[in-house]
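Kindly generate the corresponding structure for this input.
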Amino acid sequence: MTMPPSKKTDPVAEPETGAAPSPSALSDEDIHRRLIEAIVDQRLLPGTKLVEDKLGQLFGVSRTRIRQVLIRLAQEQVVTILPNKGASIAEPTVAEAREVFEARSVIEAVLVRRFIERARPAHLKALAACIEAEEAARQAGDHAMALRHSGQFHLLLAEAAGHKTFETFLRKLVSRTSLILMSYAPVERHRTQPQGAPVRWVQACRCDEHRGLLAALRSAVKGKAPADESIALMTSHLAHIEAGLCFNQPQSPPGDVWSSLGLTG
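You can find the predicted model right below:
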């Protein structure tokens, strides 16, 4: 099957599904959101340098505003800021990776139970639509969009659960999970960017596991199955993701995202 020629893209631009606002209209929240989405979509790799001047040029804002966004991202542990070295996308250690999955298992078990207690038919339909969108994206070869829908499944469940504190925690953990996947996916799953740089690629979740979890949630919401069954499936699902990672192999070097933007170092 012949694929259409690749084109260079801005790794932190808005996805093509919607019109991007003009740079002058961007708020700090907009910039933060775009950088998080680029991380979740695996367009910004661990170790990538985030140069304030270049980001300011990209977004059409001052270095001061960029610095504040980077500080916020550092507090969320998706960016590392070092004295005299500046900011870069965080490179999670093995210990940090295991802590993230442990934290997700604890948090998402609570969220599943609360979802079952509070869910309405519309919430179940939203989860089903998310799975269908993920499957459609995978079939179309749109890995970034599939990955986004995969994470969105967990966030939709968290939102419906009505636990604002855990929902906020989970959003941060989903971003960090993407960095972990990029750092420790098996080497045999390498793909190549249009610029020729190898990148680890891993499917964050499996659609069949999401479908199995959704079926269990439906039964539990209707009172036909215990909540513990859905919690066990969520715990197993997260464990499968962690088990698919390789913690004893060299990490891929960060890509030069700025070359794709027409900016020089």
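
going forward, measure contacts between C-alpha atoms and count neighbours the same way
Noted.

which intervals of the chain have sub-threshold pLDDT?
Scanning the chain for pLDDT under 70 picks out the ranges 1-24, 187-206, 249-265.

and the residue nearest in space to the middle of it, what does it touch?
With distances taken as CA atoms, centre = their mean, Val40 lies nearest the centre of the chain, 2.7 Å away. By CA atoms under 8 Å, 6 or more residues apart in numbering, the residues touching Val40 are Leu147, Arg148, Val174, Ser175, Ser178, Leu179.

Need the max-distance pair from those.
Arg148 and Leu179 (13.3 Å; CA to CA).

Looking at these two, which one has more neighbours?
Leu179 (25 against 21; other CA atoms under 10 Å).

give the contact list for the more buried one.
Leu179 is in contact with Ile39, Val40, Gln42, Leu45, Pro46, Val78, Ala90, Glu91, Pro92, counting by CA under 8 Å, 6+ apart.

quick one: which of the residues you listed is nearest His210?
Using CA to CA, Val40 comes nearest to His210 of the contacts of Leu179, at 18.4 Å.

who touches Leu155 in this structure?
Leu155 touches Glu167, Leu170, Arg171, counting by CA under 8 Å, 6+ apart.

Kindly apply the preceding question to Glu108 instead.
Ala158, Met234, Thr235.

For the residues you listed, give me TSV that also has neighbour count, secondary structure and distance to Leu217.
Output for those, formatted as TSV (neighbours: other CA atoms under 10 Å; DSSP: H, G, I helix; E, B strand; the rest coil; distance: CA to CA, whole Å):
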residue	neighbour count	secondary structure	distance to Leu217
Ala158	25	helix	13
Met234	23	helix	10
Thr235	17	helix	14
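
With respect to Leu124, which of the residues you listed is nearest?
Checking those against Leu124 by CA to CA gives Ala158 as the nearest, at 12.3 Å.

Just give the closest residue to that closest one, not the sequence neighbours.
Nearest non-adjacent residue to Ala158, counting by CA to CA, 6 or more residues apart in numbering: Glu167, 5.3 Å away.

quick one: what helix or strand has that neighbour in it?
Using DSSP states H and E, Glu167 falls within helix 164-184.

what's the answer for Glu159, then?
Counting by DSSP H and E, Glu159 is found in helix 143-161.

Check Glu99 too.
Element membership of Glu99, judged by DSSP H and E, is helix 94-118.

from the contacts of Glu108, which is closest to Val106?
Val106 has its nearest neighbour among those in Thr235, at 8.5 Å by CA to CA.

do you know how far the residue nearest to that closest one when sequence neighbours are not counted is from Glu99?
The shortest distance from Thr235 to any non-neighbouring residue, by CA to CA, 6+ apart, is to Ser105 (5.6 Å). Plainly put, Ser105 is 10 Å away from Glu99 if you go by CA to CA, to the nearest Å.

what number of residues lie near Leu123?
Heads up, residue 123 is His, not Leu. Neighbours of His123 (other CA under 10 Å): 17.

Could you pull up the contacting residues of it?
His123 sits next to Leu156, Leu157, Ala160 when contact means CA under 8 Å, 6+ apart.

chain center to the helix or strand encompassing it: distance?
Using DSSP H and E, His123 sits in helix 121-139. Chain-centre distance of helix 121-139: 17 Å, with CA atoms, centre = their mean, to the nearest Å.
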